[in-house]
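K.L.:
Got a predicted structure plus its sequence, pasted below:
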There are 2 protein chains.
Amino acid sequence: MNKLNSFTKQARMLKTLAHESRLMIVDRLSHGECSVGGLRKLVGSDLSTVSKHLALLRAHGIVEDRREGTTVYYRLRTPCVCDFFTCATKVLKDRSRRE
Amino acid sequence: MNKLNSFTKQARMLKTLAHESRLMIVDRLSHGECSVGGLRKLVGSDLSTVSKHLALLRAHGIVEDRREGTTVYYRLRTPCVCDFFTCATKVLKDRSRRE
DNA sequence: TTCCTTATTGGCCAATATGCCATGTATAAG
DNA sequence: CTTATACATGGCATATTGGCCAATAAGGAA
């Protein structure tokens, strides 16, 4: 059923990660689960904005959540997305060496 | 002078790559340089559209160009961006296994 | 029940991205 | 010179994204 080619799927995933706040969230979650409020303090945006970022990450299978009372905790669902950080850092370093 | 934090820079690079046509272009260039016209056939968009994608990739240091007569050839400037494909494929596979 | 805390969703608007067409530029050929 | 080829760029319309506020939902406590 999923007839989307590889480039389309890769582009969607990259788009999902291609935002400063969402990168901060993923990086934070790579160290362990965190509540929405906790992530809000981290990124500094409105709670509703953070919640929407999380909804997007969840819709794309990057994170999953767990409710405990009124608090919702998020965690990474695909831990290897962190490889993007290694990858991105490497590219950025490589690029700065050439400038 | 570049006071941008790491997340901002990473987000910019991901945004630059987060487009189906640009991914196709980078993938094609990973096999060797190619003219704008050649890339146009590959992605199927208007030549001006492809040219703008290339301008964006160039502005972000992903590709560089070389003119030969009236033809302009593009090539990857930071070959390790291809690691993103490995990375993305890995994540996508990992995700599909969990669904 | 009502109140409070925490998070999600809807609405709205500003900012950005995308893509096409038309125009401009650079090089080569005649 | 003119013409043709191959790209690049400006402009404009549309689509998407991002973020805030307000409203809503879901739990826990009194």
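P.N.:
Sure thing, it's come through. Numbers count the residues shown, from 1 in each chain, chains lettered A, B, ... in the order given.

K.L.:
what's the helix or strand for the residue nearest the centre of chain A?
P.N.:
Centroid-nearest residue in chain A: A:V26, 3.8 Å away (criterion: CA atoms, centre = their mean). A:V26 belongs to helix A:20-29 when assigned by DSSP states H and E.

K.L.:
could you say what helices and strands that helix packs with?
P.N.:
Packing contacts for helix A:20-29, counted by 3 or more CB pairs under 8 Å, 6 or more residues apart in numbering or on different chains; DSSP states H and E, involve helix A:6-17, helix A:36-43, helix A:47-59, strand A:63-68, strand A:71-76, helix B:6-17. For glycine as for every other residue, the C-beta is placed from the backbone atoms N, C-alpha and C.

K.L.:
Is any residue of the last one near DNA strand C?
P.N.:
Meaning helix B:6-17. Yes - interface with DNA strand C: helix B:6-17 contributes B:K15 (CB under 7 Å from any atom of the strand).

K.L.:
tell me what the helix or strand bottoming out on mean pLDDT in chain A is packed against?
P.N.:
When each helix and strand of chain A is scored by mean pLDDT, DSSP states H and E, helix A:83-98 comes last, with a mean of 75. For helix A:83-98, the elements it packs on are helix B:6-17, helix B:83-98, judged by 3+ CB pairs under 8 Å, 6+ apart.
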